[in-house]
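> only the shape, not the letters, is given here:
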């Protein structure tokens, strides 16, 4: 899996991570817990402010959609009652996406890219949240899969690029919450295209394994990060 | 469009002035004694500006209070009939906001703010007609109105614009000249050579900057003297009433 | 601005005292800029990452075919978008543009767009119907002062690094060729304006500044965030290597003697000279590497056949 992560790259925020998945490159930052504006304040849990900014132009409904999906996922992952009357501010800035420097892309292809970007944003959020030391119920990871004809093990393409999406019959973003690197539960499913129930169940199995292997990568990244940061330990 | 001759070989400009002549500068202070603490009216050629100052007063918003000195607010409104094309200008246009912040930061340094802690001084400027040198006229009108309001200041701030035509600097441009050459606007403190305001938006060669600043400073000292005359005239008028 | 950082009296006095003896917190001289680090990606045109000391930003230039404005049928459109998100620093609030942000974007606009750094007429394809719309998006990732200098520097690098796709015109039809199909073409950049920001500090009281003859106001180049929060005034000089001042703006603030200002503009010129040289060398190196890579790709393709 081609996942390149650099975390703690920004100093002014509490946590940050730069993630590259395929061609997509983005930075996520987390500030929190910080003081909210009075209308954001919730009496017994932390409020989340999620801002998604596109690589090109100003944010549109597409970015709002990603914000919304992220919010629904993160709300259940962050231990929000630990930070009452506080704000956790998450900014996702896309730097390179499939459609930058591409002049032959159509509007419908652009729509499909939302999945790739959502997947990248979820994974980047994880590293940024861990970097910011925000309490989480469990780890989470996400995969983007597209299937060509029928969903079979060997027909799946993980982390598709735009060309793969264009020829695929269906594409899915699936993220899992992972506790003790074994048991897992589904956090988010975003599916588009044409597929049967049977195929979908197979897909869920396949993506579970992928998310677990991604989680191993996450762990090894965090391990090396901790090694680097605990400089006072021999 | 045929190119207009902005500066003839004989040394005359479109409106018949020489290179270092100001336009007619006419100013009045205490024009609206009933409706503001201090007021002024300035005409610089055909640019006409009314200024009204109210304060020092209690701030409307507690969060704006500053215990170390007065908070200064500027509010420039440009009438839609001030130019030939009657464009409706919104208050939140970037250019207007820039004008406001520029004026605020200029006068923050020349008003003795520490004398008025926990108060607001608000300056409202109304542009009635525009014919070049807008920022300069706004600066001059604000200075006069603040003096009229009796607010302590270190010194006058006088504004003027100057442009560069080929290599000859021209003082106090009108709209026609402004659109044909690059120009700068300065705000000078009193009779010194210190600039509190300097704004240039178009290209000029670095080596001509010095000449341009020199005539601009001379021009602004002249403006300062004219404003000083008006302030003294008005003060004498008041003093004569007191004696009776 | 929302949650602006506030320095303690001790820290601010320490910084000012440092200036008086000519030293700064980060060890620079008073008239020394932070040397920028430029990064680009091998397969992206017009995407530049700039590290300006601790300030970090990315600039993305993109092109699109649009209909021109009715009053300017022969000109392409060029906009610069500088919106600062809370990622840069918690002092920037989402959805609320502060006055400082407006000043920053106005200045960058004046420095680059108003000074015709980009030749707009060269962006016209079919007069009145189809022109290129070039937009530069500046994304500030981290704010540590000097955003105007860094952003305008970044935009100028990105504009020169960008390649727009080649087009062929048949009557009023325009065919945009993809980057693989035909070698893309660079934009025509007419000059390279460089912004240099000076910050002023008043070591004595304001009476001395206005009435006195000492002229001992301190000016420093390229302030960091801490230094910016303490300054009494600033001056942004935009200048190019042809000795043309593109823009000067001292929006109020501490009154400064005119001879000092003349001196500063000469200093700005030497900085502009060295920075534009830096851009030139970087782009040349980048270009030759890209060219080499292209040749290798072609060779590989040839070998496969």
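Great, that's in hand. On a predicted model such as this, the values are computed, not experimentally measured, just so you know.
> switch to C-alpha atoms for all contacts and neighbour counts from now on
Will do.
> report whether residue A:204 is found in a helix, as I expect.
Yes: counting by DSSP: H, G, I helix; E, B strand; the rest coil, residue A:204 is part of a helix.
> list the contacts for it?
With contact set as C-alpha atoms under 8 Å, 6 or more residues apart in numbering or on different chains, residue A:204 has these partners: residue A:174.
> in chain A, what residue is nearest chain C?
Per C-alpha to the nearest C-alpha, residue A:12 is where chain A lies closest to chain C, at 5.5 Å.
> where does that residue fall, secondary structure wise?
Using DSSP states H and E, residue A:12 sits in no helix or strand.
> looks like it contacts residue C:140 (just checking).
No: between residue A:12 and residue C:140 there is no contact under C-alpha atoms under 8 Å: 11.7 Å.
> which of the two has more neighbours?
Taking neighbours as other C-alpha atoms under 10 Å in any protein chain shown, residue A:12 and residue C:140 compare with residue C:140 leading, 25 against 21.
> tell me how far the more buried one lies from residue C:278.
Look at residue C:140 and residue C:278: by C-alpha to C-alpha, to the nearest Å, they are 22 Å apart.
> need the three-state assignment for the residue nearest the centre of chain A.
Nearest to the mean C-alpha position of chain A, by C-alpha atoms, centre = their mean, lies residue A:122 at 1.0 Å. Assigned with three-state DSSP, residue A:122 falls in the helix class.
> quick one: contacts for it?
A:70, A:141-142.
> can you check residue C:41 too?
C:47-48.
> phi, psi of it?
With angles defined as degrees, to the nearest 10, residue C:41 sits at phi -100, psi 150.
> could you do residue B:218 as well?
Taking degrees, to the nearest 10, you get phi -60, psi -40 for the backbone angles of residue B:218.
> now the spatially most central residue of chain B: how far from chain C?
The centre of chain B sits closest to residue B:139, judged by C-alpha atoms, centre = their mean, with a distance of 2.3 Å. With the distance defined as C-alpha to the nearest C-alpha, to the nearest Å, residue B:139 ends up 11 Å from chain C.
> can you verify that residue is assigned to a helix?
Yes: assessed with three-state DSSP, residue B:139 lies in a helix.
> look up the closest residue to it, ignoring the ones flanking it.
Distances taken as C-alpha to C-alpha, 6 or more residues apart in numbering or on different chains place residue B:159 nearest to residue B:139, at 5.7 Å, with adjacent residues excluded.
> how many neighbouring residues does that neighbour have?
There are 32 residues near residue B:159, going by other C-alpha under 10 Å.
> just the pLDDT at it, thanks.
In this model, residue B:159 is scored at 95, pLDDT.
> surely it and residue B:187 touch.
Yes: between residue B:159 and residue B:187 a contact is recorded at 4.3 Å, counting by C-alpha under 8 Å.
> what's the overlap in contacts for these two?
Going by C-alpha under 8 Å, 6+ apart, residues that sit against residue B:159 and also against residue B:187 are B:136, B:139, B:220.
> okay, these in JSON lines with distance to residue C:149 and pLDDT next?
Converted to JSON lines, those look like this (distance: C-alpha to C-alpha, whole Å; pLDDT from 0 to 100):
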{"residue": "B:136", "distance to residue C:149": "27", "pLDDT": "96"}
{"residue": "B:139", "distance to residue C:149": "28", "pLDDT": "96"}
{"residue": "B:220", "distance to residue C:149": "31", "pLDDT": "95"}
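> quick one: which of those residues is nearest residue B:12?
residue B:220 (21.0 Å; C-alpha to C-alpha).
> give me every residue that touches the closest one.
B:158-160, B:187-188.
> what's the per-residue pLDDT of the residue of chain A closest to chain C here?
At residue A:12, pLDDT is 90.
> would you list the phi and psi of it?
The phi/psi pair for residue A:12 (degrees, to the nearest 10) is phi -80, psi -10.
> what's the helix or strand for the closest residue to it other than its chain neighbours?
Leaving aside its chain neighbours, residue A:12 sits nearest to residue C:89 (5.5 Å; criterion: C-alpha to C-alpha, 6+ apart). If you go by DSSP H and E, residue C:89 is not part of any helix or strand.
> could you pull out the strands for chain A?
Per DSSP state E, chain A carries strands over the ranges A:3-7, A:15-21, A:24-34, A:47-53, A:87-96, A:139-147, A:156-158, A:170-179, A:183-193.
> okay, those strands in CSV with distance to chain B, mean neighbour count and mean pLDDT next?
Formatted as CSV, the strands of chain A follow (distance: least, C-alpha to the nearest C-alpha, whole Å; neighbours: other C-alpha atoms under 10 Å in any protein chain shown; pLDDT from 0 to 100):
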stretch, distance to chain B, mean neighbour count, mean pLDDT
strand A:3-7, 37, 16, 87
strand A:15-21, 31, 25, 94
strand A:24-34, 21, 24, 93
strand A:47-53, 23, 21, 94
strand A:87-96, 22, 24, 94
strand A:139-147, 43, 26, 91
strand A:156-158, 47, 18, 85
strand A:170-179, 42, 22, 91
strand A:183-193, 41, 14, 88
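> now those in CSV, with distance to chain C?
Listed next are those as CSV, based on distance: least, C-alpha to the nearest C-alpha, whole Å:
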stretch, distance to chain C
strand A:3-7, 14
strand A:15-21, 9
strand A:24-34, 6
strand A:47-53, 8
strand A:87-96, 6
strand A:139-147, 23
strand A:156-158, 22
strand A:170-179, 25
strand A:183-193, 26
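> which one of those strands lies closest to residue B:96?
Here strand A:47-53 is closest among these (C-alpha to C-alpha), at 28.0 Å.
> parallel or antiparallel, list what pairs with that closest one.
Sheet pairing of strand A:47-53 (DSSP bridges) gives strand A:87-96 (parallel).
> just how off-centre is stretch C:164-180 within its chain?
30 Å (C-alpha atoms, centre = their mean, to the nearest Å).
> that stretch near chain A anywhere?
Yes: residues of stretch C:164-180 contacting chain A under C-alpha under 8 Å from any C-alpha of the partner chain: C:165, C:176, C:178-179.
> can you pick the most crowded of those residues?
Result: residue C:165 is most packed of the residues of stretch C:164-180 next to chain A (other C-alpha under 10 Å), 22 neighbours.
> isn't it right up against residue C:176?
Yes: Residue C:165 lies in contact with residue C:176 (C-alpha under 8 Å); the separation is 6.5 Å.
> if I look at the two, which residues touch both of them?
residue A:103.
> what number of residues lie near residue C:180?
By the measure other C-alpha under 10 Å, the count of residues near residue C:180 is 8.
> swap that for residue B:87, please
There are 11 residues near residue B:87, going by other C-alpha under 10 Å.
> do residue B:111 as well
22.
> so it makes contact with residue B:154?
Yes: counting by C-alpha under 8 Å, residue B:111 does reach residue B:154; the two are 6.3 Å apart.
> distance-wise, check the nearest residue to residue A:159 once chain neighbours are set aside relative to residue A:194.
Excluding the flanking residues, the one nearest residue A:159 by C-alpha to C-alpha, 6+ apart is residue A:144, at 5.3 Å. Distance of residue A:144 to residue A:194, computed by C-alpha to C-alpha: 16 Å.
> and residue B:104, what are its phi and psi?
Torsion angles, degrees, to the nearest 10, at residue B:104: phi -60, psi -50.
> what's near enough to touch it?
Neighbours of residue B:104 in contact, by C-alpha under 8 Å, 6+ apart: B:72-74, C:252.
> now those in a markdown table, with pLDDT and secondary structure?
Shown next, in a markdown table, are the contacts of residue B:104 (pLDDT from 0 to 100; DSSP: H, G, I helix; E, B strand; the rest coil):
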| residue | pLDDT | secondary structure |
| --- | --- | --- |
| B:72 | 93 | strand |
| B:73 | 93 | strand |
| B:74 | 95 | strand |
| C:252 | 86 | coil |
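> ok, of these, which one's closest to residue C:39?
Nearest to residue C:39 among the contacts of residue B:104: residue C:252, at 35.6 Å, using C-alpha to C-alpha.
> ok, the closest one - contacts?
Going by C-alpha under 8 Å, 6+ apart, residue C:252 touches B:102-107, B:109, B:196-198, C:233.
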